[in-house]
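Peer 1: coords please:
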Amino acid sequence: MSGKGVPAALYSAFAAELVRSRTFRRRYTKVRTSPAAVLESLNTILHARQLESYYCTLCYAQFDFKRRSVTMANSGLPYPIHASAEGCGQMHSPGVPLGSFPGITYDEVTAGLGAGDVFVFYSDGISEAMNAAGGEFGTDRLISVIERHRSRPAKDVADAIFTAVYDFCGEAEPNDDRTVVVLKITA
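Peer 2: Numbers count the residues shown, from 1 in each chain. Sure thing, here's the model as predicted:
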């Protein structure tokens, strides 16, 4: 979300309600909406509001535990990280922030779900966190933390990420928000 203060908070609340309305509608209809279609719909609505200085970034992930897969579409967040038995790395899912331009389409990426898999969704305030010398925490350092802690519960993985970022930054003031969501497939 761009901006700070009350206007950004109101825009954020509006965008969150749009996501909820498109997500919960699926419970009451037989029509299945893909993550990409949800983002395209949100983009159309937010762009129509003509708030040029505001935009929204999010990654919409749809976990299907019966089919053992996750499908996601991204609108400007850093690429999520997937740690599995095959390795740990970013799921390349590019996308333009919501509300920026009309008529944007979004790509989807699908991955299988295995017991022990870890998915980490995070804001750029994590990977771009800076220390006093101006160095960035970086994605490689983040992936390394996830690899070392992926066998732990999701909360422990999130705690390890925040600890690593804070240790790296030291006394430097945060330059952006720091948000992490960790999901672990346990069965």
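Peer 1: so Ile129 is in contact with Asp177, correct?
Peer 2: Heads up, residue 129 is Ala, not Ile. No - in this structure, Ala129 is not within contact of Asp177 by CB atoms under 8 Å, at 10.4 Å. (Each C-beta comes from the backbone N, C-alpha and C, glycine too.)
Peer 1: please say which of these two ends up with more neighbours.
Peer 2: Legend: neighbour count by other CB atoms under 10 Å for Ala129 and Asp177, higher for Ala129 (23 against 11).
Peer 1: what's the pLDDT at that one?
Peer 2: Here the pLDDT value assigned to Ala129 is 96.
Peer 1: any idea how far Val182 is from it?
Peer 2: Ala129 sits 17 Å away from Val182, taking CB to CB, to the nearest Å as the criterion.
Peer 1: Asn131 now?
Peer 2: From Asn131 across to Val182, the span is 23 Å (CB to CB).
Peer 1: contact partners for the nearest residue to Glu171 once chain neighbours are set aside?
Peer 2: Once flanking residues are discounted, Glu171 sits nearest to Ala132: 6.4 Å by CB to CB, 6 or more residues apart in numbering. The contact partners of Ala132, by CB atoms under 8 Å, 6 or more residues apart in numbering, come to Cys169, Gly170, Glu171, Ala172.
Peer 1: which of these sit farthest apart?
Peer 2: In terms of CB to CB, the contacts of Ala132 reach their longest pairwise distance at Cys169 and Glu171, which sit 7.8 Å apart.
Peer 1: looking at those two, which has the bigger crowd around it?
Peer 2: The residue with the greater number of neighbours, taking Cys169 and Glu171 and applying other CB under 10 Å, is Cys169; the counts read 18 against 6.
Peer 1: I'd say that one and Gly135 touch.
Peer 2: No - look at Cys169 against Gly135 with CB under 8 Å: they stay out of range, at 9.4 Å.
Peer 1: buried set for stretch 54-65?
Peer 2: Tyr54, Tyr55, Cys56, Thr57, Leu58, Cys59, Tyr60, Ala61, Gln62 (16 or more other CB atoms under 10 Å).
Peer 1: tell me which element the first one is part of?
Peer 2: Using DSSP states H and E, Tyr54 is not contained in any helix or strand.
Peer 1: how much space between it and Glu40?
Peer 2: Taking CB to CB as the measure, Tyr54 falls 18 Å from Glu40.
Peer 1: and for the last one?
Peer 2: Using CB to CB, one obtains 14 Å as the distance from Gln62 to Glu40.
Peer 1: got it, and the second one?
Peer 2: Tyr55 sits at a distance of 15 Å from Glu40 (criterion: CB to CB).
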